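1. take this sequence and fold it.
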Amino acid sequence: MLRYLLKTLLQMNLFADSLAAEMSNSSELLLGINGSGAALDLRNLTAGNGSHPRLEDSAPRIVEHPSDLLVSRGEPATLSCRAEGRPSPTVEWYKDGERVETDREDPRSHRTLLPSGSLFFLRIVHGRRSKPDEGIYVCVARNYLGEATSRNASLEVAVLRDDFRQSPGDVVVAAGEPAVLECIPPRGHPEPTVTWKKDGSWVSDKDERITIRGGKLMMATTRKSDAGIYVCVATNMVGERDSEPAELVVLERPVFGRRPQNQAVLEDQAAEFPCEALGDPTPTARWRREDGELPAGRWELLPDNTLRISRVRAEDEGTYTCMAENSVGRSEASGTLIVRASSGAMTIAAVQPADAGYYLCQAISVAGSVLAKALLEVEAAPAEPQPPVIRWGPANLTVLPVGATVQLPCWADGEPPPRVGWLKDGRTVPRSEGRASLLENGTLQISGLRVTDSGQYECVATSSLGEMRWSGTLQVQGEGSLLLLPSPVPGILPGPPSTPLVTNVTKSSVTLIWKGNEQSSGTAVTYIVEAFSEAVGGPWQTVAANVEGETHTVRGLVPDTVYLFLVRALNAHGLSDPSGISEPIRTQADTSPTPQVPPELARVAVHLQEPVVLPPGAVRLAWTVEPPSPSVQGYQVLYRRRGGRWEAWDVRAPGERGALLTGLRRGQDYEVKVRPYYLHLHGPDSAVRALRVPEAAPSAPPRAVSVAGNGTSVRISWQPPPPAEQNGVILDYRIWCLGNESRFHINQSVEGTVLATVLRGLVPGVPYRAEVAAATGAGVGARSAPISIHIAPPVEQDVGPVGWGSMAERLAAVARRPAFIAGVSGALWLMVAGFAAWLYGRRRRRKELSHFTGPRHGPAASSLPPPALSTLTFPHTPVPAHSSPRNAHPWLADAWRGGGLDATDRYYNEAGITRYIAQTEPFGPGNAEGPIYSSIEAGGEELRTFHRPCSQHGPEMLYGHAAPGHGKNLGKAVQTPVLSWTELLPPPPSASELSQYTEEEEEEKKEEEEMKEEEDGM
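-> Presented below is the predicted three-dimensional model:
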């Protein structure tokens, strides 16, 4: 309210100012002052700036008013305003009644006042809490004569949020039902519009089935092509916002590609009702009979849901209904079976236009006769029928990594146009996961390849005239494996040969002549000849391969049979397109008398029992025959791998009721049936029995094993065993890299689709041998021949850590030798023996001190310290007879043997010299006697003797001369005092020292005993 009042006052003020300005422009203005009027001369008015107003001056006038603006946040914008007046007016802007601050007042402002008076925004500032630029703007122009105000202009900021108020959800509908995808766009200003995208393309509402209204995408009736990923797009001037994607899934109710047809068949013939059910998800098909049960034991359901009734009877007549059902709905299709008696049937082979007309059938009995008339109309064939021909099929080997997309081509022609289907390892390619799709030209496309997609793929082109097959192998290699792509050889495929010309037709052979294509002249070319016969009932068959010339004679044909031929060229790069199909040619008829067909042969029914699979890959068959017929010459056993071609084996004994099939491949599914025959005529087939030969370990090793590489890693590659000896599906390969010792063995396994691997961690210098074996679910097969691998040891170096590994290995090898072990053991034994001898000697020396335990004698026994051994001098004089050392000193009984001491002998015991050195102290003054201690300088010129003052003979009496003042005495006799030699010896050890010696000796004895016990324990 306050803002509104301020805005009103501002507008009134501006209006008053504008009115005053207009009045000032008049030549005369009457002013009333205090109730009196006077004439005002404009020349007497003064301008605001102190100058006199001039007649040419004028008040401001807005000549360009601002317009409303809608801009995006952050974008520049301009509010236009242009004013005229004299003098030129100044312009100011107001937002919501408040003056707008520009860069003239604040240099940091994002608003700029242009010279023309317009307001320029460098960028529009707008937030959820602050919206400084949004509002109502006016511009005001002023000069001294007055002011002028523009019209109001609004500035609004466009906004589009990110989050949709409601995103579309996934929808699942059935084809033909309506579908609605609902979307509420995010909030925005202006309000955003809603459009839709499907798989990245815009959805157009020009289709009358589609309506876009209020954010909803509505489809009145959905089609299979409507399925896809849809995105809701919200748009305004800010930009676009995409919603989360939603998926529209359109399911299809079951529909019939081939429906059962009404048919009439003869008794004991076979009747087939096709039922090809299509839909999403794939429907399941079941059969029922409207007025009863299906014929027990005589009906079977083929892989394509076709109902086959063998040996039909009159009671089999009725309506048979195929019921196809999936999660969306259910559909039914019916066909009526009429059984005709074989006796009244007339067959016209190779109908011609002249055969058209009425035919009468008359049945006569004893009761009378009856006539029936039938009209036969022969229609001209719209086009010459042609069996299916595959012009381009999958390559022999296609190798791709996991996750890739593969396209296996199958281009087929024929009249009528053939249907193309695909088999993988004999089974129909599943398309339930959506990764496999069949393109319009018959190409099979598989996206997101997996390892399990590996196998043999077979393209089957089928029409009412026959079929043709083309197979190739797909290998998908897993992550981490080496991709072994076939080596591309530069070149081109050969061109198709010319249409073969058939000559020299006989009962069982024809000669074909053709011309090669000029495009194949640069490469070596061979030819493949294929033949087709509708009468034989089989597909196109290769009757000759590796034909080097341009002519070939085909042998082994059936007499009186129509054949078609074609030729393909083959070189090192691949197979060419087929040539044109030859003219139909009939082999000559067999002139030998035709045997009469026994009527009983058509009535013979063979009941095949369940096959018995034997361990070595053989199958035992047994059957019964009803009724027994003497016209049966034998039985023909037909068997094939699931989805493959029938192979025949004759049992020529008519009384035989069993057979043993051998040579079947392990791990394969087979179908088998039996039928009787008479010459070249066949009776009705038995029911088809299915069996599976169990897997076994491969009986042959992998082929072409090779090793390449250097260093401590090698690459080993191989090829699978021969297909006939794989004995099942190879799950993995086992690789053994065996060294000369078990610690050097390297074992590894890889998936069954991988044909190479890298062995790492081989030790240089160690001989290895590599072996490879294939493994199935039944076990590991035969190993390949060993391949030697030798990794040369690295060059040893004198310095550096490179040779440390090999040096340590050599030392370890030396340490393992018996001689080294024996030598070390002997050295240890000698060390133990020496240590024992040392202990024994030490103990013996200690025992020698046992005599020190005797008493001392003499008055000075406790006071005389021993002399220092380094200064002890013994006189070389004989010992007097009256003084016996043994009698005077009994503790020296075993000290010296003989009568005297040698100068080199020293006193030593276990107590150590240091103890005697410690005991060497100066004699006290109270000692009356003491030994003579002297220092002998052998290298000196004279012998000096230092006398002890405590000597009993006095210093000047020692050696008979005075110490000082004498000349050299070297070489002169020295008179020594007469002393007993025992006086010169050190005193014996004290009793306390001897007791200490005894304790130490006892401790050492205990230690020796403990050490001996430890040695005995070892």
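
2. which residues in the stretch 701-850 of the chain form helices?
-> Taking DSSP state H, counting those that start in this stretch as the criterion, the stretch 701-850 of the chain carries its helices at 804-815, 818-847.

3. now the longest one: buried residues?
-> For helix 818-847, the buried set under the neighbour-count rule, 16 or more other C-beta atoms under 10 Å, comprises residue 846. Placement of C-beta: from N, CA and C, glycine included.

4. gap between it and the chain center?
-> Chain-centre distance of helix 818-847: 66 Å, with C-alpha atoms, centre = their mean, to the nearest Å.

5. for it, packing partners?
-> Under the contact criterion of 3 or more C-beta pairs under 8 Å, 6 or more residues apart in numbering; DSSP states H and E, helix 818-847 touches helix 991-1017.

6. try it again at 10 Å.
-> For helix 818-847, the packing partners by 3 or more C-beta pairs under 10 Å, 6 or more residues apart in numbering; DSSP states H and E come out as helix 804-815, helix 991-1017.

7. roughly how far apart are residue 402 and residue 845?
-> Remark: distance between residue 402 and residue 845 (C-beta to C-beta, to the nearest Å) = 87 Å.

8. cool, and residue 766?
-> 59 Å.

9. now do residue 87
-> According to C-beta to C-beta, residue 87 and residue 845 sit 137 Å apart.

10. same check, this time on residue 723
-> From residue 723 over to residue 845 (counting by C-beta to C-beta), the distance is 93 Å.

11. ok, residue 694 next?
-> To residue 845, residue 694 is 90 Å away according to C-beta to C-beta.

12. quick one: low-confidence residue ranges for the stretch 351-500 of the chain.
-> Low-confidence regions of the stretch 351-500 of the chain, defined by pLDDT under 70, span residues 364-369, 380-384, 396, 431-433, 479-491.

13. same question for the stretch 751-900 of the chain.
-> 794-809, 848-900.

14. hmm, try it at 80
-> Counting by pLDDT under 80, the stretch 751-900 of the chain contains low-confidence ranges at 765, 790-816, 846-900.

15. do you have the strands of it handy? List them.
-> In the stretch 751-900 of the chain, the segments counted as strands under DSSP state E, counting those that start in this stretch are 756-759, 767-776, 779-783, 787-790.

16. now residue 58: how far from residue 83?
-> 11 Å.

17. so for these two, which residue has more residues nearby?
-> Shown here are residue 58 and residue 83; by other C-beta atoms under 10 Å, residue 83 has more neighbours (25 against 18).

18. okay, now the domains of the chain?
-> Using the TED database, the domain ranges for the chain come out as 58-158, 167-251, 259-340, 389-480+492-587, 605-693, 703-791.

19. tell me if I'm right that residue 567 and residue 529 touch.
-> Yes. Using C-beta atoms under 10 Å, residue 567 is in contact with residue 529, at 5.6 Å.

20. on that earlier part again, got a markdown table for the domains of the chain, with distance to residue 835 too?
-> Below are these laid out as a markdown table (distance: least, C-beta to C-beta, whole Å):
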| stretch | distance to residue 835 |
| --- | --- |
| domain 58-158 | 96 |
| domain 167-251 | 89 |
| domain 259-340 | 92 |
| domain 389-480+492-587 | 62 |
| domain 605-693 | 74 |
| domain 703-791 | 39 |
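
21. looking at the ones you listed, spot the one closest to residue 376.
-> Ranking the domains of the chain by proximity to residue 376 (C-beta to C-beta) places domain 259-340 first, at 14.8 Å.

22. lowest-confidence helix or strand of the protein?
-> Ranked by mean pLDDT, DSSP states H and E, the weakest helix or strand in the chain is strand 28-33, scoring a mean of 30.

23. pLDDT weak spots in the stretch 501-650 of the chain?
-> Scanning the stretch 501-650 of the chain with the threshold set as pLDDT under 80 gives 518-524, 534-539, 572-575, 590-603, 615-617, 628-631, 642-645.

24. for beta bridges, what are the partners of residue 788?
-> Beta-bridge partners recorded for residue 788 (DSSP bridges): residue 769.

25. what do you get for residue 248?
-> Assigned bridge partners for residue 248, using DSSP bridges, are residue 171, residue 228.

26. hang on, residue 387 packs against residue 464?
-> Yes. In this structure, residue 387 is within contact of residue 464 by C-beta under 10 Å, at 9.4 Å.

27. neighbour count: the two, which is higher?
-> Remark: of residue 387 and residue 464, residue 387 carries more neighbours, 24 against 11, as counted by other C-beta under 10 Å.

28. hey, where'd the helices end up in the stretch 201-350 of the chain?
-> Per DSSP H, counting those that start in this stretch, the stretch 201-350 of the chain carries no helices over any range.

29. list the residues that contact residue 165.
-> With contacts defined as C-beta atoms under 10 Å, 6 or more residues apart in numbering, residue 165 is in contact with 183, 184, 185, 186, 187, 215, 234.

30. apart from its chain neighbours, what residue comes closest to the fifth one?
-> The reference is to residue 187. residue 161 (5.1 Å; C-beta to C-beta, 6 or more residues apart in numbering).

31. the fourth one too?
-> Spatial nearest neighbour of residue 186, chain neighbours left out: residue 161 (4.1 Å); criterion: C-beta to C-beta, 6+ apart.

32. just checking, that neighbour touches residue 241?
-> Yes. Counting by C-beta under 10 Å, residue 161 touches residue 241, with 7.8 Å between them.

33. which neighbours do these two have in common?
-> 185, 186, 188, 192, 234.

34. now, which of those residues lie within strands?
-> Using DSSP state E, the subset of the shared contacts of residue 161 and residue 241 located in strands is 188, 234.

35. looking at the shared contacts of residue 161 and residue 241, which is nearest residue 821?
-> Closest approach to residue 821 among the shared contacts of residue 161 and residue 241 (C-beta to C-beta): residue 186, at 86.9 Å.

36. contacting residues for that closest one?
-> Here residue 186 is in contact with 159-166, 192, 234, 236, 241, 243 (C-beta under 10 Å, 6+ apart).

37. now residue 418
-> 386-390, 412, 442, 460-468.

38. narrow these to just the buried residues.
-> In those, burial by neighbour count holds for 386-390, 412, 442, 460-463, 465-468, counting by 16+ other C-beta under 10 Å.

39. which of those fall in strands?
-> Judged by DSSP E, the buried ones among the contacts of residue 418 include 386-390, 412, 460-463, 466-468 as members of strands.

40. is it possible to export the residues you listed to CSV including distance to residue 542?
-> Compiled in CSV, those are given as follows (distance: C-beta to C-beta, whole Å):
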residue, distance to residue 542
386, 19
387, 15
388, 16
389, 13
390, 13
412, 17
460, 16
461, 16
462, 18
463, 20
466, 15
467, 14
468, 11
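
41. farthest pair within these?
-> Greatest spacing in these, by C-beta to C-beta: 386 and 460 (17.0 Å).

42. what's the neighbour count on residue 565?
-> By other C-beta under 10 Å, the residues close to residue 565 number 26.

43. so it bridges to which residues?
-> As assigned using DSSP bridges, the partners bridged with residue 565 are residue 531.

44. which residues of the stretch 51-200 of the chain score low on pLDDT?
-> Scanning the stretch 51-200 of the chain for pLDDT under 80 picks out 51-55, 127-131.

45. is it true that residue 760 touches residue 791?
-> No. Using C-beta under 10 Å, residue 760 is not in contact with residue 791; the gap is 11.5 Å.

46. so the closest residue to residue 439 other than its chain neighbours versus residue 78, what's the distance?
-> Spatially, and ignoring its direct neighbours in sequence, residue 439 is nearest to residue 445 (5.9 Å; C-beta to C-beta, 6+ apart). Residue 445 sits 57 Å away from residue 78, going by C-beta to C-beta.
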